[in-house]
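Q: no sequence on hand, only this structure:
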Ligand code: 3HC
């Protein structure tokens, strides 16, 4: 069944090569997923060779894990290793059919990225942002061809989370949107359409939940109490483990942007800001999702 709002799949463009801007954690996971599911070359880029190669090392380690678990054959793992590459040389976008960015969550950074990418890609290439909730309309406003930009928001861990939000702007054309949905299907993700509004659908809910939990800590509730308060809902991870997975800085940016855009219903926790700035581990990784908090987190 075609997802609601998706144009005819017949309009979708073929994707023969993918560019991923950024070689951080989300970028690496996205690069691996595209290579694995679309079976096309995927090239990651970052500010310098060192970062690019670190991202590539992460992807290769993930491929090793897939092979060790028997999730992929030796032959397919070797093919995957050959499909994913990384470089600081942005000219590699020139023959990409789709370039997705997964860089720092700041509008100005994303706009600068797309200005550079658009100066290199072909006229037919699609531009995709993995923003977790910034205005895609604002990203499109500086483009020569805003009709080819669309949001595809994946969730961490990308290989495991089944959902992708597909976010068109008023300018996104039907071919671009049809391609986004066709790509989501090939990636074996469930696509849900969202309007281009702050934090789309999922992160608006997640941001509210994190704002309540961290806000309760600001108001004096002990961290250990706030962390277990939602246990009865049966969530796969407690809030502070989720904060660690999402990344404290990403979570802080999410809460801060929601506070700016939507007001006091989404308080931005002072403790979350402090933890994001200090960048220390919040939960004990040995204890997985139902984890113990580290002493540093408790001290906050
Ligand atoms: N990368 C790849 N695979 C991973 C992974 C990762 N980072 N983390 C876990 N997995 C895989 C494991 O390898 C395992 O695969 P296997 O079945 O082949 O062995 C499978 O996921 C299950 O993992 P585990 O058995 O280790 O642990 P759990 O059963 O506890 O599941 C979890 C781990 C999938 C992370 C689960 O706790 C979960 O679903 N947590 C909630 C995650 C969530 O809410 N994510 C959304 C965050 S919001 C976001 O990303 C948006 C952003 O914009 C802020």
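A: Ah, there it is. Quantities reported herein were computed from a predicted structural model and do not represent experimental measurements.
Q: which pLDDT value belongs to residue 300?
A: pLDDT for residue 300: 52.
Q: near the ligand, which residues of the stretch 51-200 of the chain?
A: 69, 71, 132, 155, 156, 157, 159, 160, 161 (Cβ under 6 Å from any ligand atom). Every residue, glycine included, has its C-beta placed from N, CA and C.
Q: of these, buried ones?
A: Using 16 or more other Cβ atoms under 10 Å as the burial test, those include 132, 155, 156 as buried.
Q: mean confidence score for stretch 144-156?
A: Regarding stretch 144-156, the rounded mean pLDDT is 97.
Q: and the stretch 201-300 of the chain, which residues reach the ligand?
A: Counting by Cβ under 6 Å from any ligand atom, the stretch 201-300 of the chain sits next to the ligand at 203, 206, 236, 237, 242, 245, 246, 250, 254, 288, 289.
Q: quick one: contacts of the helix or strand that contains the second one?
A: To tie it back to what came earlier, the one meant is residue 206. Assigned by DSSP states H and E, residue 206 belongs to helix 202-218. Here helix 202-218 makes contact (Cβ atoms under 8 Å, 6 or more residues apart in numbering) with 132-133, 153, 155, 163, 165, 197-199, 223, 226-227, 229-230, 239-240, 242-243, 251, 254-255, 258-259, 265-272, 300.
Q: can I have the buried ones of these as a ChimeraX selection?
A: Buried residues within the contacts of helix 202-218, by 16+ other Cβ under 10 Å, are selected in ChimeraX with:
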select :132,133,153,155,165,198,199,223,226,227,239,240,242,243,251,254,255,258,259,266,267,268,269,272
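Q: out of the contacts of helix 202-218, which sit inside helices?
A: 223, 226-227, 239-240, 242-243, 251, 254-255, 258-259, 270-272 (DSSP state H).
Q: any buried residues in the longest helix along the chain, and which?
A: Secondary structure of the chain per DSSP H: the longest helix is helix 49-68. Within helix 49-68, the residues that count as buried by 16+ other Cβ under 10 Å are 51, 52, 53, 55, 56, 58, 59, 60, 62, 63, 66, 67.
Q: try stretch 83-98
A: Residues of stretch 83-98 classed as buried by neighbour count (16+ other Cβ under 10 Å): 83, 84, 85, 86, 87, 90, 92, 93, 96, 97, 98.
Q: pull up the distance across it, start to finish.
A: End-to-end distance for stretch 83-98, by Cα to Cα, to the nearest Å: 15 Å.
Q: just how off-centre is that stretch within its chain?
A: 19 Å (Cα atoms, centre = their mean, to the nearest Å).
Q: how many neighbours does the closest residue to residue 60 other than its chain neighbours have?
A: Distances taken as Cβ to Cβ, 6 or more residues apart in numbering place residue 81 nearest to residue 60, at 6.2 Å, with adjacent residues excluded. Residue 81: 16 surrounding residues under other Cβ atoms under 10 Å.
Q: before we move on, what SS does residue 81 have?
A: Judged by DSSP: H, G, I helix; E, B strand; the rest coil, the three-state class of residue 81 is helix.
Q: what do you get for residue 100?
A: Per three-state DSSP, residue 100 ends up strand.
Q: just the buried residues of the helix holding residue 206, please?
A: Using 16+ other Cβ under 10 Å as the test for burial, helix 202-218 gives 202-204, 206-208, 210-218.
Q: pull the most distant pair out of these.
A: Pairwise distances across those (Cβ to Cβ) peak at 23.7 Å, for the pair 202 and 218.
Q: against the ligand, how distant is the closest residue to residue 226 other than its chain neighbours?
A: The spatially closest residue to residue 226, leaving aside those adjacent along the chain, is residue 216, at 4.6 Å (Cβ to Cβ, 6+ apart). To the ligand, residue 216 is 19 Å away according to Cβ to the nearest ligand atom, to the nearest Å.
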